[in-house]
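For reference, the sequence and a predicted model appear below.
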There are 2 protein chains.
Amino acid sequence: MTVLTKELINQRIVRAEYAVRGPIVQRSVEYEQRLQQGDRSFPFDKIIPCNIGNPQILKQEPIEFHRQVLALVNVPGFVDTQEAQNLFQVDAIERARNYLRNIPGGTGAYGHSLGADIVREEVARFLEERDGHSADPNTIFLTDGASQAVQNALLALIRDNNDVIMAPIPQYPLYSAAIAINGGTLAGYYLDEEENWGLSIHEIERAHNEARKNGKVVRAVAIINPGNPTGQCLSKKNIEEVIQFCQKHNLLILADEVYQENVYAADKKFLSFKKVLRDLGAAYNNVELISFHSTSKGFTGECGRRGGYMELVNISECAREQLYKLMSINLCSNIEGQLMVGLMVNPPKKGDASYQRYCHQRDSILASLKRRALKLVAAFNKLEGVTCNATEGALYTFPRIRLSEKAVQAASGCNMAPDTYYCIQMLEKTGIVVVPGSGFGQKDGTFHFRSTILPPEDEVNEVITKMSDFHLNFMNAHR
Amino acid sequence: MTVLTKELINQRIVRAEYAVRGPIVQRSVEYEQRLQQGDRSFPFDKIIPCNIGNPQILKQEPIEFHRQVLALVNVPGFVDTQEAQNLFQVDAIERARNYLRNIPGGTGAYGHSLGADIVREEVARFLEERDGHSADPNTIFLTDGASQAVQNALLALIRDNNDVIMAPIPQYPLYSAAIAINGGTLAGYYLDEEENWGLSIHEIERAHNEARKNGKVVRAVAIINPGNPTGQCLSKKNIEEVIQFCQKHNLLILADEVYQENVYAADKKFLSFKKVLRDLGAAYNNVELISFHSTSKGFTGECGRRGGYMELVNISECAREQLYKLMSINLCSNIEGQLMVGLMVNPPKKGDASYQRYCHQRDSILASLKRRALKLVAAFNKLEGVTCNATEGALYTFPRIRLSEKAVQAASGCNMAPDTYYCIQMLEKTGIVVVPGSGFGQKDGTFHFRSTILPPEDEVNEVITKMSDFHLNFMNAHR
């Protein structure tokens, strides 16, 4: 092998890190296989994946209406059978008919490179209702999950390593990984753990000045709202400050809003960057914004579909055309992922046959997520040396763990970051998979881990007990 | 707008061209919309898209078995209903049960970043049967269509613009576009039109020497077999020569084999690079090969699923890990696309309830494609100044058109390549959408267009008549 060697493979890939599916997760996959093959040498009998926001692997039920439509569109003629009428709701059948009428060639044909017209129109209507401002289907691009959308936006922005994208610390590592792969430079702005992971415009300013002082060209600011892994939910004032800052310094805004439906704090409400930008009036019509959404999160949780979209706001027609061409090289995103986007943004309405069941599923899932978030955060705060901010939104907790000098040295002896060492020990002792804070970025000398709030409600107590016992033992072993 | 301007957007995107969905196609989309809105100002009443291998948009029926399985896996509990037993074949129900048992979290959960274990095992068994050599599921990566796989491979190969990827001319423009976006350099080797678009190792050598002489580092040779847009099917000797050449010069082979089921010439047979490489024996175990396959072509034609895979052969473990990490940043490819890969490579077997119907669909589609290929090629060869090689395989014809000096000047007056001018005229007069040869590359001074062989059998005569009438009028108008 002489071409793709360790030294000769594109080193930008080598430099990229993606802890959410990193070495700890790979080790857990191996353990899972061994458990399935009957290996009983572990001190646990199952792997509990809390590393990734993947609700349906932890028994969250899919929304019935959505799945009925998907089943119906896949078999020609199925919508007209008696069996379909027996099994499925009339509004699901009607929706399937509508998609079949409006999607040329059905689910098996390449569609429009930006996504099916009918779905982009559904998204536009959803955005108009959500924000109270007009939305144009031609500026909505359906993608294979929000990840593809983020990567395409970064590809358009980053020309060389002089180009800087600002991103929060801690951040979802898609950003650091994609910036590395595109050969750009990340400038982190710190969220304030003391202020419930609040975003401060002064800190953004500091990071911006530092990058500029280093001779860099700052191109964009990425904002994750609600935050991942931090869960904070931005105020209107916060968002306005970011927009004003970006206008002043000619920066594009990347607004990752995939957790927009996941807000639990009673005094918080999701506000989109698009809404706040438009509310500020025409004076801000030169501020470029790309926002992202996904079918994977919220209460839909359809991660395996790879459904998502981005909306281009105040983006030049020329840039829109270049991004369109980029999508067309991939021909189109997968059609069922597109349909899932349509179903998510245009669910059953009052009076529809599926409406009650839909509301029941939606409300139970969201209420349960909130209960689990509260329970986990409370449990973490009871542990020695652990503090954990409230999960205002999104699907995660991000507790801070204070590790002893002995633990730090033990980690160093294993050639690991201290929080990685802690998380690997947790996996080895409990089968629970969480991601070390170093995978997201954190202030030097602080240590964290990210755990999802997704263990099923009847297993949360078990997870808490296992984690608490592990933590006590870990602390005792490293005094 | 000050960030994503024409000048400041990543210029590698601006430089990329993708004619298969380029300006002619965009114009046809606009015409289609106007026709639907009742605009009767065109000299045609419909758009016939022959620009892209998209069978189901031109009425090719999906394989029933595959679609039944997809419907069944999407609704929890559906497999156990009486309605399912009424409507679907028992082997489809059994397959759906098997997928549901083996895919953690079902179709709505993120799966393994390389793709579901069960599907990668199905692919490995398929490859072993096809080639008579062992295949390892850990070297099989399921992707959102073959396009994503090709792009990831190129991303791993290309470090800067000194790195060269060799690709055929004419080529499928995914290669030129992705090489441009990754900032590499394409070195074309010409296929020989006089030899039915044959691949000559001497021409590959010439192109390689030229690139080396220019100080470039040649990293890989891309081969499309059967050819797109050219349809040629490589002989064992051809493939052996390429492998030996690549061993001698330390080049990786990118084998695009998405048309492996589409071979029509009676004296030709598809042979995979993997088979020929392994047949050559252990002395070639250092030749690196990545091969690609897709659910979009063959007789499956499920383009909208974005199902595909790549197999890594003789790739270092370290490179495999880096490619694995790259896939994990996208979390996973869409699950239903993965299932479609499984269904494609592991269809109903003799004795299964769906077997006869499956064979009937498969054989009718392939026989019809062959008839249409023969008919179109024969028709093109009857036109003044047109010659067209036989379509040995794949889904296209690529006729050469000899244009008069007057036509070339008329094109130049419109600031167009002569074949672009010809294709736009064809669209304007007939509603038929084809892609100019300049979108694929061609010898200087020659002109071609690519047309798929996909118009439904009962419309092929209409297409031929319209194209022939157009051609005659065009020639007369430019004498």
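Received it, and whenever you're ready, just let me know what you need.

give the contact list for A:Arg27.
With contact taken as C-beta atoms under 8 Å, 6 or more residues apart in numbering or on different chains, A:Arg27 is in contact with A:Ile424, A:Leu427. All C-beta atoms are positioned from the backbone trio N, CA, C, and that covers glycine.

any residue of stretch A:168-181 up close to chain B?
Yes - in terms of C-beta under 8 Å from any C-beta of the partner chain, part of stretch A:168-181 sits within range of chain B, namely A:Leu174, A:Ala177, A:Ala178, A:Ile181.

The nearest residue to A:Lys429 once chain neighbours are set aside: which element?
Nearest in space to A:Lys429, with sequence neighbours left out and distances taken as C-beta to C-beta, 6 or more residues apart in numbering or on different chains, is A:Phe470 at 5.0 Å. Secondary structure assigned from DSSP states H and E places A:Phe470 in helix A:457-477.

who does that helix touch, helix- and strand-wise?
strand A:48-49, helix A:355-381, helix A:418-430, strand A:432-433 (3 or more C-beta pairs under 8 Å, 6 or more residues apart in numbering or on different chains; DSSP states H and E).

Report the angle between it and helix A:418-430.
With axes from the mean of the first three to the mean of the last three C-alpha atoms, to 10 degrees defining the directions, helix A:457-477 sits at 120 degrees from helix A:418-430.

hmm, back to that, closest one of the residues of stretch A:168-181 next to chain B to B:Ala71?
Closest approach between the residues of stretch A:168-181 next to chain B and B:Ala71, by C-beta to C-beta: A:Leu174, at 32.5 Å.

Which residues are in contact with A:Leu312?
Counting by C-beta under 8 Å, 6+ apart, A:Leu312 touches A:Thr139, A:Ile140, A:Phe141, A:Leu289, A:Ile290, A:Ala319, A:Arg320, A:Leu323.

if we can go back for a sec, please tell me how far the helix holding A:Phe470 is from the chain's geometric centre.
26 Å (C-alpha atoms, centre = their mean, to the nearest Å).

Please work out the angle formed by the directions of it and helix A:355-381.
Between the axis of helix A:457-477 and that of helix A:355-381 there is an angle of 10 degrees, by the same axes, to 10 degrees.

how about the residues of the stretch 301-450 of chain A near chain B?
Within the stretch 301-450 of chain A, the residues that sit near chain B (C-beta under 8 Å from any C-beta) are A:301-306, A:314-316, A:318-319, A:322-323, A:325-326, A:328-337.

nope, the stretch 151-300 of chain A is what I meant
With the criterion set to C-beta under 8 Å from any C-beta, the stretch 151-300 of chain A comes near chain B through A:151, A:155-159, A:174, A:177-178, A:181, A:219-220, A:250-252, A:286, A:288, A:296.

ok, now with 6 Å
Where the stretch 151-300 of chain A comes near chain B, counting by C-beta under 6 Å from any C-beta of the partner chain, the residues are A:Ala156, A:Arg159, A:Ala177, A:Arg219, A:Asn250, A:Leu252, A:Asn286, A:Glu288.

Which secondary structure elements does the host helix or strand of A:Leu339 sit against?
Remark: A:Leu339 resides in helix A:335-345, with elements defined by DSSP H and E. Judged by 3 or more C-beta pairs under 6 Å, 6 or more residues apart in numbering or on different chains; DSSP states H and E, helix A:335-345 is in contact with helix A:117-131, strand A:307-313.

Repeat the analysis, applying 7 Å as the threshold.
helix A:64-74, helix A:117-131, strand A:140-144, strand A:307-313 (3 or more C-beta pairs under 7 Å, 6 or more residues apart in numbering or on different chains; DSSP states H and E).

Now do it: distance to the chain's middle.
Mean C-alpha position of helix A:335-345 versus that of the full chain (C-alpha atoms, centre = their mean) differs by 17 Å.

Look through chain A and report the residue furthest from the middle.
A:Gln82 (40.2 Å; C-alpha atoms, centre = their mean).

what are the phi and psi values for it?
phi -60, psi -40 (degrees, to the nearest 10).

Following the chain past the helix or strand in which A:Ala153 is found, name the next helix or strand.
Using DSSP H and E, A:Ala153 sits within helix A:145-157. Downstream of helix A:145-157, the next assigned helix or strand under DSSP H and E is strand A:163-169.

Surely A:Ser333 and A:Gly115 touch.
Yes - taking C-beta atoms under 7 Å as the contact criterion, A:Ser333 and A:Gly115 are neighbours in contact, 6.3 Å apart.

Distance check, the nearest residue to A:Asn102 once chain neighbours are set aside against A:Leu339.
In space, not counting the residues next to it along the chain, A:Asn102 is nearest to A:Ile118; the distance is 4.2 Å by C-beta to C-beta, 6+ apart. Using C-beta to C-beta, to the nearest Å, one obtains 9 Å as the distance from A:Ile118 to A:Leu339.

Check the contact lists of these two and give me the overlap.
Common neighbours of A:Ile118 and A:Leu339, counting by C-beta atoms under 7 Å, 6 or more residues apart in numbering or on different chains, are A:Tyr99.

Which one of these two is surrounded by more residues?
Under the criterion of other C-beta atoms under 10 Å in any protein chain shown, the comparison of A:Ile118 against A:Leu339 puts A:Leu339 first, with 27 against 18.

What are the phi and psi values at A:Arg40?
With angles defined as degrees, to the nearest 10, A:Arg40 sits at phi -110, psi 30.

give me every residue that touches A:Thr2.
For A:Thr2, the residues meeting the contact criterion (C-beta under 7 Å, 6+ apart) are B:Asn250.

Give me the local confidence score for it.
A:Thr2 carries a pLDDT value of 92.

Doesn't it belong to a helix?
No - counting by DSSP: H, G, I helix; E, B strand; the rest coil, A:Thr2 falls outside a helix, being coil.

what domains does the record give for chain A?
With the TED database serving as the domain definition, the record reports that chain A contains domains spanning A:11-59+A:360-478, A:102-345.

Which one of those lies nearest to A:Phe65?
Ranking these by proximity to A:Phe65 (C-beta to C-beta) places domain A:102-345 first, at 7.0 Å.

what about the closest one, start to end distance?
Across domain A:102-345, the straight-line distance between its terminal residues is 17 Å, by C-alpha to C-alpha, to the nearest Å.
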